[in-house]
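# I would like the atomic coordinates for the input below:
(2 chains)
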Amino acid sequence: MSLIDHIHRCQSADMRRFLPWLIGGEATGWVRRDVAARLDKYPTVFACDDRVVRLRDHLATFDHRSAAVGDVARDLYEAGVFAGWRNEWFPVLRRFGAAPLMRLERAAVPMFGTHAYGVHMNGYVREGNRLKLWIGKRADDRPIEPGKLDHLVAGGIPLGMGVMECLTKECEEEASIPAALAARAKPAGAIRYRMEHQGWLRNDTMFVYDLELPADFKPVNSDGEIASFRLMELGEVEEILAAGEAFKFNVALVLIDFLIRHGHIRPEHPDYSDLALGLWRHE
Amino acid sequence: MSAASSGLLRLFRRCPPANLAPYRHFIVADRHVGWVDPDFARVLAEFPAVFYLTDRAVHLHDRLDHVEDRSAAVADVLAKLHERGHVPGWRGELYPVNRRFGEAPLLLMERAATPMFGLQTYGINVNGLVRDGDRWKVWIARRAMTKHVDPGMLDLIVGGGVPHGIALADNLLKECAEEACIGPTLAERARPVSMTTMAIDAAEGLRIGVQFNYDLELPTDFQPRNDDGEVAEFQLWSLPQLEENLRRADDFMFDAALAKLDLLVRFGIVGPEDPDYLDLVAQLRRPAPFVRT
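Numbers count the residues shown, from 1 in each chain, chains lettered A, B, ... in the order given. Next up is the predicted model:
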């Protein structure tokens, strides 16, 4: 295992296994071929052939699309096609910031392969010239990647929530960082990956933030998602990354980005170019 | 000026990614390492012991199977072409031909010829930063009106190509000393922070580049100085001033503008509230335009 394997792992989707899902004639998501066969059983909602899955054009508004696709998603959930219903809405977007085409239950997003957006925040402490990162350990009962190492704060951006609003909320819930401190978080870029995870497609864009925390700050998790926190030297973070998959898959990308931006992974690293460019999946 | 033209993507409208469709692949040892214009390909075909053409590609002859043989044969051809006026601006510097930084070169080639072969070249950029309370200012250089390329345009205070045989760190020290009189003790504090890429059309051919960007914190009383007459003046700008310029004007050289856009993203001056944010990030991370074999 080396750092570049995290890039390969998160940029791994074999798109031959998927059909584009079109809304209003434009590709908006990706559906596995066997799922397309199931969607074909709902001809008033989907029109499927061997190349594409189309949402029927009569579903022309946010409400109509959301209701019709929502019913199908519920059916497939109850039939056991996918698990983990969350009762959280994610927007279906063709471009971030545009008006959502519809809303979709969060657990159904990977089945439709639509773009999901999230925030990831590196919480660090300065000690002289050195930086240390606060690292969380995910609770053992998490549906995704239980027990893996995680960021101080991260979360998906639900329907109707702004990026900074989401970050502030997650700061409070995941690490008890008060709003006034969270407001000091600085955007530092974005990462896009597309991977097959547990058979489904993760088509994710992560907005990356850095927050410098006071030396005496101690994160406390209040939503039960993180079991414990620890302050780590950057060298240790890199060693753990290079040794295996102890970190949640997408957190590894955000950490590689942090290590590059802060001069810890340098251009002399043999995989530097592939690491730097691997942080963005182009369409 | 319309609102649409005040976005940070204006740089990529001024210099869009090159359309490589008309070009032929340049192949060395079965690897795609460059792009050759069809007219120049016909000129190269006059040297059949060194180059041969297929439908879609220009190949370096397979008989040349070591870097030394390839480099010598290509240098002979380039010298003849230079006499015929085909390789303007001869520099006498060899650049490595490979597909990623640090890889053993397949061939070494005169710098001035690299745009004609559409080769990937490597460079360093240094952002000269000065702390201003909890904000930052950045040193900007204006190129002398006598410069051959982009006279009078805005530039980084330190930047340059990386020739074969010099380590990045050494190249950085050399450029810092030559371009802004930054001594080695100070220059050693420069920190690598990012990589940006480009593939654009330029007067001299294709500019396909990988740039390693460094941040260097300079003391508040430091004044950059240029001794070789290449810089007309240095100015210290706030980051919002830099952002405003990049939104409204086309004053920066392309590679300097890339490094500065990257700086604005990394320092959080531009954030997700900008409607072009994700497109901007994507532009800064364009993959190299080579077919992987």
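# From here on, just use CA atoms for contacts and neighbour counts.
Fine.
# Show me what the longest helix anywhere in chain B packs onto, helices and strands only.
Secondary structure assigned by DSSP state H gives helix B:67-83 as the longest helix of chain B. When contacts are defined as 3 or more Cα pairs under 8 Å, 6 or more residues apart in numbering or on different chains; DSSP states H and E, helix B:67-83 sits against strand B:107-110.
# Sheet-wise, list the partners of the strand it packs on with their directions.
With DSSP bridges as the test, strand B:107-110 is paired with strand B:94-97 (antiparallel).
# Would you mark the buried spots in the longest helix of chain B?
B:Arg70, B:Ser71, B:Ala73, B:Val74, B:Ala75, B:Leu78, B:His82 (16 or more other Cα atoms under 10 Å in any protein chain shown).
# pLDDT (mean, whole number) over it?
In this model, helix B:67-83 has an average pLDDT of 97.
# Could you do stretch A:230-237 as well?
The pLDDT scores in stretch A:230-237 average 97.
# How about residues contacting whichever helix in chain A runs longest?
Taking DSSP H as the criterion, chain A has its longest helix at helix A:62-78. Helix A:62-78 is touched from outside by A:39, A:42, A:45, A:59, A:82-83, A:85, A:100-105, A:108, with contacts defined as Cα atoms under 8 Å, 6 or more residues apart in numbering or on different chains.
# Those residues in strands, which ones?
Among the contacts of helix A:62-78, the ones falling in strands (DSSP state E) are A:Met102, A:Arg103, A:Leu104, A:Glu105.
# For those residues, give me TSV that also has pLDDT.
As requested, the ones in strands among the contacts of helix A:62-78 are exported to TSV (pLDDT from 0 to 100):
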residue	pLDDT
A:Met102	98
A:Arg103	98
A:Leu104	98
A:Glu105	98
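# With distance to B:Pro192 as added columns, please give those in a markdown table.
Listed next are the ones in strands among the contacts of helix A:62-78 as a markdown table, based on distance: Cα to Cα, whole Å:
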| residue | distance to B:Pro192 |
| --- | --- |
| A:Met102 | 42 |
| A:Arg103 | 42 |
| A:Leu104 | 41 |
| A:Glu105 | 42 |
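# Buried among the residues you listed? Make that a PyMOL selection.
Selection of buried members from the ones in strands among the contacts of helix A:62-78 for PyMOL, criterion 16+ other Cα under 10 Å:
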select buried, chain A and resi 102+103+104+105
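# As JSON lines, the ones in strands among the contacts of helix A:62-78 with distance to chain B would be great.
Output for the ones in strands among the contacts of helix A:62-78, formatted as JSON lines (distance: Cα to the nearest Cα, whole Å):
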{"residue": "A:Met102", "distance to chain B": "20"}
{"residue": "A:Arg103", "distance to chain B": "21"}
{"residue": "A:Leu104", "distance to chain B": "22"}
{"residue": "A:Glu105", "distance to chain B": "24"}
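# Could you pull up the residues touching the closest residue to B:Ala187 other than its chain neighbours?
Leaving aside its chain neighbours, B:Ala187 sits nearest to B:Leu173 (5.9 Å; criterion: Cα to Cα, 6 or more residues apart in numbering or on different chains). B:Leu173 makes contacts with B:Gly183, B:Pro184, B:Ala187, B:Glu188, as judged by Cα under 8 Å, 6+ apart.
# show me the contacts for the third one.
By that I understand B:Ala187. Residues counted as contacts of B:Ala187 (Cα under 8 Å, 6+ apart) are B:Leu172, B:Leu173, B:Cys176, B:Leu216.
# ok, how many other residues are close to B:Asp201?
18 (other Cα atoms under 10 Å in any protein chain shown).
# Without its sequence neighbours, what residue ends up closest to it?
B:Ala18 (5.3 Å).
# Let me see the contact set for B:Leu64.
B:Val50, B:Arg70.
# likewise B:Gly205?
Counting by Cα under 8 Å, 6+ apart, B:Gly205 has contacts B:Pro115, B:Met116, B:Gly118.
# Now the two most distant members of the contacts of helix A:62-78.
Using Cα to Cα, the contacts of helix A:62-78 span at most 26.0 Å, a distance reached by A:Leu59 and A:Ala83.
# More neighbours: the two, which one.
A:Leu59 (19 against 13).
# Nearest spatial neighbour of B:Arg56, chain-adjacent residues omitted?
B:Arg24 (5.3 Å).
# So what pairs up with that neighbour in the strands?
Applying DSSP bridges, one finds that B:Arg24 bridges with B:Val36.
# part of a helix, is A:Glu146?
Slight slip there: residue A:146 is Pro, not Glu. No. Secondary structure of A:Pro146 (DSSP: H, G, I helix; E, B strand; the rest coil): coil, not part of a helix.
# Against chain B, how distant is it?
Distance, A:Pro146 to chain B, using Cα to the nearest Cα, to the nearest Å: 29 Å.
# So that residue versus B:Arg225, what's the distance?
56 Å (Cα to Cα, to the nearest Å).
# ok, those two, which is more surrounded?
The neighbour comparison of A:Pro146 against B:Arg225 (other Cα under 10 Å) goes to B:Arg225, with 18 against 15.
# Let me see the residues that make contact with the helix or strand in which A:Arg192 is found.
Using DSSP states H and E, A:Arg192 falls within strand A:186-197. Residues from elsewhere that reach strand A:186-197 (Cα under 8 Å, 6+ apart): A:9-14, A:201-211, A:253-254, A:279-281, B:265-272, B:278, B:281.
# Type out the ChimeraX command that picks the buried ones from the residues you listed.
Buried subset of the contacts of strand A:186-197, written as a ChimeraX selection, criterion 16+ other Cα under 10 Å:
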select /A:9,10,11,13,201,202,203,204,205,206,207,208,209,210,211,253,254,279,280,281 /B:265,266,267,268,269,270,271,272,278,281
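# Just the contacts of strand A:186-197: which are in helices?
A:Arg9, A:Cys10, A:Leu253, A:Val254, B:Val265, B:Arg266, B:Leu278, B:Val281.
# wait, the second one sits on A:Phe249?
Yes. In this structure, A:Cys10 is within contact of A:Phe249 by Cα atoms under 8 Å, at 6.9 Å.
# and A:Arg126, how many neighbours?
By other Cα under 10 Å, neighbour count at A:Arg126 equals 13.
# what's the burial count for the residue nearest to it when sequence neighbours are not counted?
Spatial nearest neighbour of A:Arg126, excluding adjacent residues (Cα to Cα, 6+ apart): A:Lys132 at 6.5 Å. If you count neighbours by other Cα under 10 Å, A:Lys132 ends up with 19.
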